[in-house]
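*Asks:* Predicted structure and sequence below. I'll ask about it afterward.
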Amino acid sequence: MTLLDGKKAAAEWRADTARRVAELHALTGRTPRLAAVLVGNDPASEIYVSLKAKACAQCGMRSRVMRLPADSTQQQVHDTVRSLNSNSDIDGIIVQQPLPAHIDSKALLEVISPRKDVDGFTPDNIGRLALGMDCLPPATPAGIIELLRRNGITTRGKRVTVIGRSNIVGRPMASLLIQKGLMADATVTVCHSATPDLAPILRDSDIIISAAGSPGLVTAGMVRPGTVIVDVGTTRVDDPASPKGYRIAGDVDFPAVAPLCSHITPVPGGVGPMTIASLLHNTVTAFERRRLNR
Ligand code: NAD
């Protein structure tokens, strides 16, 4: 069994991005800048935003955090995003999830400029992805493809099962995998909460990508020896043995499943670092397209 080490692959990807940033700086005198909108004080969101800002700095990119109080109105959040859309010094915009319950996140997606949508969540980018057109791809699915590619795993002709149909992971993951290309061209099955029996579908898969957010969902009895497993799930579970009182759990019963696999991601340290590296990659792409018409 080989571990799909997301920390290592993300560090290599960030080094590639840093080289692109240095070239763009030599060419234009500018460096890409990412803006993160943070509504409220969710501690996990604070951590994610600071990790993204730190990763920007590691690549020679600039970042900015726009903090809004938890009781901000929909209009106030829209106004903040619109000001970033029209700010020529900003190349990429992310709105950190989760948002307070009173904010309509779908309405907000209509406001983010597709050219600066480095999460790849807007209807324009998702629609372009579905049509096989040039787009800013969703960060997590694109990061998963890059993790496989950097580990010499292609998807062409493989049977890939995606667990989960959310707009940010499962659904766009399936869209990417059915594109044409060496890192696509897969035969894809999408499972979700109404799928009656996962086991026979998973046992028939060459690659399993699980994004359910359900710890222990994928067990050893569901996996054929030699399968590649990407565990996207990150669920906080109580753990009195941990100094923090909790740990982050994936969807896969790792100790039982890992010995059967050809490759598997750890949680944490698998998909998470690749999502951030993917975001930076998209920000540089957005910079190039906007400023250099590439
Ligand atoms: P979501 O809750 O929006 O979607 C979960 C999906 O899983 C749903 O489509 C649901 O139908 C499906 N599902 C749930 N239980 C199932 C079951 N028993 N059998 C089959 N399908 C089932 O979640 P999301 O936003 O897509 O995120 C999924 C998980 O991935 C979460 O744990 C989230 O924290 C994690 N995540 C990690 C990263 C990362 O970078 N590491 C990025 C995004 C999401």
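*Replies:* That came in fine, so what should we check first?
*Asks:* and whichever residue of the stretch 1-150 of the chain sits closest to the ligand, helix, strand or coil?
*Replies:* Among all residues of the stretch 1-150 of the chain, Thr140 sits closest to the ligand, at 4.3 Å; criterion: CB to the nearest ligand atom. Glycine gets a C-beta too; all of them are placed from N, C-alpha and C. Three-state secondary structure (criterion: DSSP: H, G, I helix; E, B strand; the rest coil) places Thr140 in helix.
*Asks:* can you pull the contacts of the closest residue to Thr285 other than its chain neighbours?
*Replies:* Once its chain neighbours are removed from consideration, Thr285 has its nearest residue in Leu136; the separation is 6.6 Å (CB to CB, 6 or more residues apart in numbering). By CB atoms under 8 Å, 6 or more residues apart in numbering, the contact list for Leu136 reads 114, 117-118, 120, 125, 282, 285-286.
*Asks:* Could you tell me which of these belong to helices?
*Replies:* Within the contacts of Leu136, membership in helices is found for 125, 282, 285-286, as judged by DSSP state H.
*Asks:* Next, format those as JSON lines and append pLDDT.
*Replies:* Rendered in JSON lines, the data for the ones in helices among the contacts of Leu136 read as follows (pLDDT from 0 to 100):
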{"residue": "Asn125", "pLDDT": "98"}
{"residue": "Asn282", "pLDDT": "98"}
{"residue": "Thr285", "pLDDT": "98"}
{"residue": "Ala286", "pLDDT": "98"}
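*Asks:* Surely Thr31 and Ala57 touch.
*Replies:* No - assessed by CB atoms under 8 Å, Thr31 is found out of contact with Ala57, at 10.6 Å.
*Asks:* which of the two has more neighbours?
*Replies:* Using other CB atoms under 10 Å as the criterion, Thr31 and Ala57 rank with Thr31 on top: 17 against 10.
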